[in-house]
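Visitor: test case, fold it:
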Amino acid sequence: MSGIPAVRGASARAVAMAGIVTGAALVLAGAAGTVLAAVMARTIVTPPRERADDTVVFDVDLAAATITLAATADSVLYGDYSFFFSAGTGHARLGGVITSGHGAVTRRILAVDYGDLKAAKKGRLSGWLYLSPQDLGWPFENVMIHTGAGPAPAWLIPAAEPSDQWVIQVHGRAVTRTEALRAVPVFRDAGYTSLLISYRNDGEAPTSGDGRYALGDTEWQDVDSAIEYAVSRGARGITLMGWSMGGAIVLQTATRTRHRHLLRGIVLDSPVIDWADVVAFQGVALRLPSVVAATAMQVMGRRWGGLITGQAIPIDFRRLDFVARADELQLPLLLLHSDDDGFVPVTGSRALAARRPDIVTFVPFDVARHTKLWNLDRERWNGAIGTWLAELPARQPDGKPDSSSV
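Guide: Next up, the predicted model:
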């Protein structure tokens, strides 16, 4: 009997120790989650300086004009693509899939623009295909657009015949205006002059004071400057097109510009409609607890978060949520998005289309991945945009809709 109190005392100490250990574990887990959220937030708003090669090269047969790559979600896609290899020192254009299976895919080599493809060990696929307006074969101008951040380079590709209808192309995060060259032919066929712009912190335009992305919350001002430039060159009707994060920038422009009367419509490819949706999706893809993504949003959206991310001002994520703000949109809008995007979930596009069927035309793809819809099915992509443009109501020189064409 005399041992019972001792046992009880030992049990109490064990319970207390277990509580201390559990509490410490929770504190450590919380601290780890906070660190992960901080890293995630800083990564999202910081422009990357280089893109990593992520696709292994198994074999290159220049005589047969074939290349065999490790099978990935992107490398097995049908269509034509760019292939940057050897840390960006080389570039080739790859054609259709010849064979696929057993963890490998063999594709046709269309051209090697520069670099030693035979020596390549790794590379990365891109939907760009065209590297310069020269690849399109039409006259173009290198122009400068004066923005609040400084002069930003742009490409101006005139319509085949004089036209006062323009499209301003806005590229996505971590890429450049080269991304949008694929869209020039369909707009040119429809009689549009194309202006492919750069914007602050994209590696071509000047940097902002903090050198950080605002995910559309400030970049739209550079698109506004591009609208003013287009008007100075004779534009009287302007369509905006945004790719990925460029979609978020375009939506901000459409609702905040002083030149709304000049805008005819919006085209979005794989767009960010709601950043909260995207950040949560990326958290899941990285196998992070949901609280990490939510905390990352708080870091980017609070003034104190700038001490962590380097942002000069916090991001207003409510203003960037166009599912919630759907009623504020007034322009005809064409949405193109793939269900298997992999970077920007299609849920935002589907939700916006469901909320505004009166103005939104939604064209879904099944297996086109992120911003590779044109590459996978060029005919369908061009057809969707061409048809939509043909149905847009015309605008008079004063920017008002022409009621006779509605």
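
Visitor: didn't residue 249 look like it was pressed against residue 221?
Guide: No: the pair residue 249 / residue 221 is not scored as a contact, 9.6 Å apart, by CB atoms under 8 Å. From N, CA and C alone the C-beta is placed, and that goes for glycine too.

Visitor: these two: who's more crowded?
Guide: residue 249 (33 against 21; other CB atoms under 10 Å).

Visitor: after whichever strand or helix holds the more buried one, which helix or strand is next?
Guide: Per DSSP states H and E: residue 249 is located in helix 245-256. Scanning forward in sequence from helix 245-256 by DSSP H and E, the next helix or strand is strand 263-269.

Visitor: how about the CA coordinates for that following strand, as PDB?
Guide: C-alpha atoms of strand 263-269 as PDB (Å, rounded to 0.1, in the frame of the first residue of the first chain):
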ATOM      1  CA  LEU A 263     -12.400  49.600 -73.500                       C
ATOM      2  CA  ARG A 264     -14.400  47.100 -75.700                       C
ATOM      3  CA  GLY A 265     -13.700  43.800 -74.000                       C
ATOM      4  CA  ILE A 266     -11.400  41.500 -72.100                       C
ATOM      5  CA  VAL A 267      -9.700  38.200 -73.100                       C
ATOM      6  CA  LEU A 268      -8.200  36.100 -70.300                       C
ATOM      7  CA  ASP A 269      -6.000  33.000 -70.700                       C
END
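
Visitor: averaged pLDDT, the helix or strand just after it. What do you get?
Guide: Using DSSP H and E, the helix or strand that directly follows strand 263-269 along the chain is helix 275-285. Here helix 275-285 scores 96 as its mean pLDDT.

Visitor: orientation of helix 275-285 relative to helix 245-256 in degrees?
Guide: Helix 275-285 runs at 160 degrees relative to helix 245-256, counting by axes from the mean of the first three to the mean of the last three CA atoms, to 10 degrees.

Visitor: show me where the stretch 301-406 of the chain has its strands.
Guide: Listed in chain order, the strands of the stretch 301-406 of the chain (DSSP state E, counting those that start in this stretch) span 333-338, 360-365.

Visitor: what strands line up against the first one, and which way round?
Guide: Taking DSSP bridges as the criterion, strand 333-338 sits next to strand 263-269 (parallel), strand 360-365 (parallel) in its sheet.

Visitor: closest one to residue 339 among those strands?
Guide: Comparing these against residue 339 with CB to CB, the closest turns out to be strand 360-365 (6.3 Å).

Visitor: buried ones in that closest one?
Guide: 360, 361, 362, 363, 365 (16 or more other CB atoms under 10 Å).

Visitor: how about JSON lines for the residues you listed, with distance to residue 302 added?
Guide: Below are those laid out as JSON lines (distance: CB to CB, whole Å):
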{"residue": "360", "distance to residue 302": "32"}
{"residue": "361", "distance to residue 302": "37"}
{"residue": "362", "distance to residue 302": "34"}
{"residue": "363", "distance to residue 302": "37"}
{"residue": "365", "distance to residue 302": "37"}
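
Visitor: most widely separated two among these?
Guide: 360 and 365 (15.9 Å).

Visitor: distance of residue 244 relative to residue 63?
Guide: 38 Å (CB to CB, to the nearest Å).

Visitor: got the buried residues for the helix or strand where residue 225 lies?
Guide: Assigning secondary structure by DSSP H and E places residue 225 in helix 220-232. Across helix 220-232, burial judged by 16+ other CB under 10 Å covers 220, 221, 222, 223, 224, 225, 226, 227, 228, 229, 230, 231.

Visitor: same thing with stretch 53-64?
Guide: In stretch 53-64, counting by 16+ other CB under 10 Å, buried: 53, 55, 56, 57, 60.

Visitor: now render those as TSV, adding pLDDT.
Guide: Shown next, in TSV, are those (pLDDT from 0 to 100):
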residue	pLDDT
53	96
55	98
56	98
57	98
60	98
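
Visitor: let me have these in CSV, extended by distance to residue 206.
Guide: Formatted as CSV, these follow (distance: CB to CB, whole Å):
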residue, distance to residue 206
53, 29
55, 33
56, 37
57, 36
60, 39
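
Visitor: what's the most distant pair in those?
Guide: Of all pairs in the buried residues of stretch 53-64, the most separated under CB to CB is 53 and 60 at 14.6 Å.

Visitor: picking that back up, what would the strands paired with strand 333-338 look like in TSV with mean pLDDT?
Guide: Putting the strands paired with strand 333-338 into TSV (pLDDT from 0 to 100) gives the following:
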stretch	mean pLDDT
strand 263-269	98
strand 360-365	98
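
Visitor: distance to residue 43 for those - can I get that in JSON lines?
Guide: Below are these laid out as JSON lines (distance: least, CB to CB, whole Å):
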{"stretch": "strand 263-269", "distance to residue 43": "23"}
{"stretch": "strand 360-365", "distance to residue 43": "28"}
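
Visitor: looking at those strands, which is nearest to residue 215?
Guide: strand 263-269 (15.2 Å).

Visitor: contacting residues for the spatially most central residue of the chain?
Guide: By CA atoms, centre = their mean, the chain has its centre lying nearest to residue 244, at 2.4 Å. Contact analysis of residue 244 by CB atoms under 8 Å, 6 or more residues apart in numbering lists 171, 172, 173, 175, 269, 270, 271, 272, 343, 344, 370, 371.

Visitor: quick one: which of those is nearest residue 285?
Guide: residue 343 (8.4 Å).

Visitor: what's the neighbour count on the closest residue to the closest one other than its chain neighbours?
Guide: Distances taken as CB to CB, 6 or more residues apart in numbering put residue 370 closest to residue 343, at 4.3 Å, once the chain neighbours are dropped. By other CB under 10 Å, 20 other residues sit near residue 370.

Visitor: where does residue 370 land on pLDDT?
Guide: For residue 370, the model assigns a pLDDT of 97.

Visitor: quick check: phi and psi on it?
Guide: Main-chain dihedrals, residue 370, degrees, to the nearest 10: phi -90, psi 120.

Visitor: shouldn't it be in contact with residue 341?
Guide: Yes: with contacts counted by CB under 8 Å, residue 370 reaches residue 341, the gap being 4.9 Å.

Visitor: what touches both of those two?
Guide: Counting by CB under 8 Å, 6+ apart, the residues touching both residue 370 and residue 341 are residue 270.

Visitor: returning to that earlier point: now for the next helix or strand after the helix holding residue 225, which elements pack on it?
Guide: Using DSSP H and E, the next helix or strand after helix 220-232 towards the C-terminus is strand 237-243. Under the contact criterion of 3 or more CB pairs under 8 Å, 6 or more residues apart in numbering; DSSP states H and E, strand 237-243 touches strand 165-170, helix 220-232, helix 245-256, strand 263-269.
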